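Colleague: just need the structure, nothing else, for what follows:
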Amino acid sequence: MKFLSRREFMGKTAAAAAGLMIVPRRVLGGRGYQAPSDTLNIGCVGVWGKGSSDILSVSTENIAALCDVDDTMMARFMGMEEMPAEKKPMFEKAAKYRDFRKMLEAEKSLDAITVSVPDHNHAVIAMAAMKMGKHVFCQKPLTHTIKEARLLALEAKNRNLVTQMGNQGHAGEGARLVNEWIWDGAIGDVTEVYVWTDRPIWPQGIDAPKEIPSCPSTLDWDVWIGPSPFRPYHPAYHPFSWRGWWDFGTGVVGDMGAHLLDQPFWALKLGHPLTVQASSTPFTADSYPMAEMITYNFPARGKMPPIKLVWSDGGLMPARPKEIENGRMMGDEGGGCLFVGSRGMLMCSTYGENPRLLPEKLMQEYKRPEKTIPRSPGIHEEWVAAIKAGKKSTTDFAEYAGPLTEVMLLGNAALRVQALKIVLEWDPVKMEFPNLPEANKYIHADYRPGWSL
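Modeller: Next comes the predicted model:
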């Protein structure tokens, strides 16, 4: 005998009563109705800064739990003026936690989590959730170290989970146009790419503070430190300037590379580089430099020729090409990307927006190809939809976000050894620098006791 679920029983009963005319539940519930069975239970780790926008962006679902190590950040989120009034009851009802481990242990019904915390805690939180079968949305960069990126990618692949990195430009129209134009041969064979950004907008190239102020009672400093080497609390690290410290952030290339390097990585199908080298202004044992240049060399990929890619930050920019007419800004005020091809150039802004062919004559004469890449409803919406459909998202950890993050963080390894005046060779299979074994220590950092992946 086949037993019917409550949903099946109600559906069959309603059909019979209506002369076999079945009415969709979304119609019965009114416009915008979403059946409880179609709603995800999401836990959100990190609620302020980027965390608040991540939470609001997935609040079409049930936000079942909120977690932040800092009670003041939780209070700010709950009281933010931008919060839609209709969402407030859901957030008030959500369980509150300081420690993500306690949240995951207690909230068995969670389907997925968002991770919007400093870089050094991304991997341990995302990995813990994936091992419990949760889908994960993690802010960029995916991880703090190269090895973490590789391990998260493997875990996501093995568990067949829906994962997404929060580099929102990847979901934009501009990013798709960049790909479609390059694949159409608009500028011929691309052999060089230049990317640049005006960041950092936080202190770098400095020593760690010596004074030890009292840690606020509203903050769980031990959980904030996570797997990194312990050091006393200081406002120089939390809540904002953590990006500039080796132990906590990934510097500028980790912050903005997820946007700027995303464009050539996707359009040119770059994969792993053969070599990487870097130069920079002075840095310390504690903090990244204020400005740097990183040069990657990628091999040929199918019919695509080898690529030289140059990253610049801290106000450094590539030379202005003669193809750009006087008065035109390169990229946007924050940075940009310039593809150099055999028949012209393509320039876009930080998030892939406003792509333009150069010189201007090429732009005016170019016949745009058909739009072949599926358009995205948004980086968060895409993740939610992919979970419900059982499909992969576009910045899946295994196929995309993990490899892109590895490329970004290879630049930081090259920074650390620039004084040796050597071009680092990269072996992605063995995950090592074969020509400089002493650089392998920058592939990962030891976790402090009590923390692991």
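
Colleague: how many neighbouring residues does the closest residue to V340 other than its chain neighbours have?
Modeller: Once its chain neighbours are removed from consideration, V340 has its nearest residue in E192; the separation is 4.0 Å (CB to CB, 6 or more residues apart in numbering). No exception for glycine: its C-beta is placed from N, CA and C like everyone else's. Number of residues near E192 (other CB atoms under 10 Å) recorded here: 16.

Colleague: quickly list what E192 is bridged to.
Modeller: Per DSSP bridges, residues listed as beta-bridge partners of E192: K308, V340.

Colleague: isn't it up against F298?
Modeller: No - counting by CB atoms under 8 Å, E192 sits too far from F298 to count as a contact (10.9 Å).

Colleague: any common contacting residues for the two?
Modeller: Any residue near both E192 and F298 by CB atoms under 8 Å, 6 or more residues apart in numbering counts here, and that gives 307-309.

Colleague: now the strands for the stretch 101-250 of the chain?
Modeller: 112-115, 135-139, 163-166, 190-197 (DSSP state E, counting those that start in this stretch).

Colleague: winner for burial among those strands?
Modeller: For these, ranked by mean neighbour count under the definition mean count of other CB atoms under 10 Å, the leader is strand 163-166 at a mean of 30.

Colleague: tell me which other helices or strands it touches.
Modeller: Judged by 3 or more CB pairs under 8 Å, 6 or more residues apart in numbering; DSSP states H and E, strand 163-166 is in contact with strand 135-139, helix 379-389.

Colleague: mean confidence score for that strand?
Modeller: Along strand 163-166, the predicted local confidence has a mean pLDDT of 98.

Colleague: strand partners of it, parallel vs antiparallel please.
Modeller: Partners of strand 163-166, by DSSP bridges, with direction: strand 135-139 (parallel).

Colleague: which residues touch the partner strand?
Modeller: The list of residues contacting strand 135-139 from outside it, by CB under 8 Å, 6+ apart, reads 46, 50, 54, 58, 111-117, 122, 125-126, 129-130, 156, 161-166, 380, 383, 387, 397, 401.

Colleague: got it, and stretch 94-103?
Modeller: Applying CB under 8 Å, 6+ apart, the contact partners of stretch 94-103 are 43, 45, 63-69, 71, 74, 106-107, 125, 128, 220, 223.

Colleague: okay, and which of those residues map to helices?
Modeller: Counted as lying in helices by DSSP state H, out of the contacts of stretch 94-103, are 71, 74, 106, 125, 128, 223.

Colleague: got a winner among these for most neighbours?
Modeller: In terms of neighbour count, I125 stands highest of the ones in helices among the contacts of stretch 94-103 at 24 neighbours, by other CB under 10 Å.

Colleague: how close does the residue nearest to P369 when sequence neighbours are not counted get to G341?
Modeller: The spatially closest residue to P369, leaving aside those adjacent along the chain, is D184, at 4.2 Å (CB to CB, 6+ apart). D184 sits 12 Å away from G341, taking CB to CB, to the nearest Å as the criterion.

Colleague: quick one, domains of this structure?
Modeller: Domains of the chain are assigned by automatic domain parsing as 1-37, 170-377+402-442.

Colleague: and stretch 429-446, what's buried?
Modeller: Buried positions in stretch 429-446, judged by neighbour count with 16 or more other CB atoms under 10 Å: 433, 436, 439-440, 442-445.

Colleague: of those residues, which belong to strands?
Modeller: Among the buried residues of stretch 429-446, no member falls in strands (DSSP state E).

Colleague: now, which of those residues sits nearest G411?
Modeller: Distances from these to G411 were compared by CB to CB; the smallest belongs to Y442, at 10.7 Å.

Colleague: spatially, what comes nearest to that closest one if we skip its sequence neighbours?
Modeller: Setting aside the residues directly before and after it, Y442 is nearest to A413 in space (CB to CB, 6+ apart), at 4.0 Å.

Colleague: wouldn't that neighbour be in contact with I146 here?
Modeller: Yes - with contact taken as CB under 8 Å, A413 and I146 are classed as touching, separated by 7.1 Å.

Colleague: which of the two has more neighbours?
Modeller: When neighbours are counted by other CB under 10 Å, A413 and I146 differ, and I146 comes out ahead with 24 against 21.

Colleague: next up, the contacts around the more buried one.
Modeller: Taking CB under 8 Å, 6+ apart as the definition of contact, the neighbours of I146 are 405-406, 409-410, 413, 431, 442-444.

Colleague: tell me how far it lies from H135.
Modeller: Distance from I146 to H135, counting by CB to CB: 24 Å.

Colleague: likewise T405?
Modeller: Here T405 is placed at a distance of 18 Å from H135 (CB to CB).

Colleague: and if you look at G172?
Modeller: Going from G172 to H135 by CB to CB gives 23 Å.

Colleague: between all of the contacts of I146, which two are separated the most?
Modeller: Going by CB to CB, the two entries of the contacts of I146 that are most distant from one another are T405 and Y442, at 14.4 Å.

Colleague: picking up where we left off before, including mean pLDDT and distance to G315, could the helices and strands packed on strand 163-166 go into TSV?
Modeller: Written out in TSV, the entries for the helices and strands packed on strand 163-166 read as follows (pLDDT from 0 to 100; distance: least, CB to CB, whole Å):
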stretch	mean pLDDT	distance to G315
strand 135-139	98	25
helix 379-389	97	28
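
Colleague: with respect to S287, which of these lies nearest?
Modeller: Set against S287 and scored by CB to CB, these come closest in strand 135-139, at 21.4 Å.

Colleague: wait, V162 touches A385, no?
Modeller: No - at 9.5 Å, V162 and A385 do not qualify as touching, with contact defined as CB under 8 Å.

Colleague: ok, those two, which is more surrounded?
Modeller: The residue with the greater number of neighbours, taking V162 and A385 and applying other CB under 10 Å, is V162; the counts read 25 against 15.

Colleague: now that one: phi and psi?
Modeller: Here the main-chain torsion angles of V162 (degrees, to the nearest 10) amount to phi -90, psi 110.

Colleague: ok, it - contacts?
Modeller: Residues near V162 by CB under 8 Å, 6+ apart: 112, 135, 383, 386-387, 390-393, 396.

Colleague: from those, pick the one nearest M293.
Modeller: Comparing those against M293 with CB to CB picks out D396 as the nearest, at 30.4 Å.

Colleague: grab the nearest non-local neighbour of the closest one.
Modeller: Distances taken as CB to CB, 6+ apart place T163 nearest to D396, at 5.5 Å, with adjacent residues excluded.

Colleague: and L66, by the same measure?
Modeller: Taking CB to CB, 6+ apart, and ignoring the residues beside it in sequence, L66 has A94 as its nearest neighbour in space, at 4.9 Å.
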